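# whatever this is, show me its structure:
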Amino acid sequence: MTQLVEDQGVTIWLTGLSGAGKSTIANALVEELQERGRKVELLDGDIVRTNLSKGLGFSKEDRDTNIRRIGFVSNLLTRNGVASIVAAISPYRDVRDEVRAHIGSFVEVYVQCPLDELVRRDVKGLYEKALRGEIENFTGVSDPYEAPVNPEVVVDTESETVEESVEKVLSALEELGYLNTVKERVA
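Residues are numbered from 1 along each chain as shown. This next block holds a predicted model:
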């Protein structure tokens, strides 16, 4: 018996700087996938940090631990047929690659946005504080962000709408065999 695409789990890992639009795109993806009948769970980095990773700081070791924890949960969901959507900065390439290798069914989405646009969008003023040296270990300013080398999807939230970015991800999921096309569902 062949497994239906709807029953195949996948991790959709959105990575990018703070404020780039990971959570916004992730929430829109949840809605789209649910409308298509998929089981979906969202692991948002901010929410995971206050629950599963409470007490961790922002050293490289703590950030890696946080990403490994998110990856562990995402792997459990994925192997049980769920589309697991992760929205986390996940700044270090090596630990993202480690999580990818462990999960297997993994689609990396690089949510890119230039720093000047992120500063402009930042209503809390965190980027400006970080640029002035008032916040230590701020990813993309005083701490590195290692962009993916070969992600399955790249979205540019400075020039694309949320809908356009979501459509890129859905198209990639269809092309990679993790999601039936709308035509296949209707037939």
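# centre of the chain to stretch 136-143, how far?
Centroid displacement of stretch 136-143 relative to its chain, using CA atoms, centre = their mean, to the nearest Å, is 19 Å.
# what mean pLDDT does that stretch have?
Across stretch 136-143, pLDDT averages out at 88.
# can I get the CA coordinates of it in PDB?
Taking Å, rounded to 0.1, in the frame of the first residue of the first chain, the C-alpha atoms of stretch 136-143 are listed here in PDB:
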ATOM      1  CA  GLU A 136      24.600  41.900  23.400                       C
ATOM      2  CA  ASN A 137      24.400  38.700  21.300                       C
ATOM      3  CA  PHE A 138      21.800  40.200  18.900                       C
ATOM      4  CA  THR A 139      21.600  37.900  15.800                       C
ATOM      5  CA  GLY A 140      22.600  39.800  12.700                       C
ATOM      6  CA  VAL A 141      24.200  42.700  14.500                       C
ATOM      7  CA  SER A 142      26.500  41.600  17.300                       C
ATOM      8  CA  ASP A 143      26.100  37.800  16.800                       C
END
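# quick one: buried residues of that stretch?
Judged by neighbour count (16 or more other CB atoms under 10 Å), stretch 136-143 contains these buried residues: 138-141, 143. Where C-beta positions appear, they are placed from N, C-alpha and C, glycine not excepted.
# also stretch 17-27?
For stretch 17-27, by 16+ other CB under 10 Å, it's 17-27.
# leaving out sequence neighbours, find the closest residue to Ser165.
Computed as CB to CB, 6 or more residues apart in numbering, the closest residue to Ser165 that is not its neighbour in sequence is Val155, at 3.8 Å.
# direction included, what does the helix or strand containing the one you found pair against?
Assessed by DSSP states H and E, Val155 sits inside strand 153-156. Sheet pairing for strand 153-156, assigned by DSSP bridges, gives strand 106-112 (parallel).
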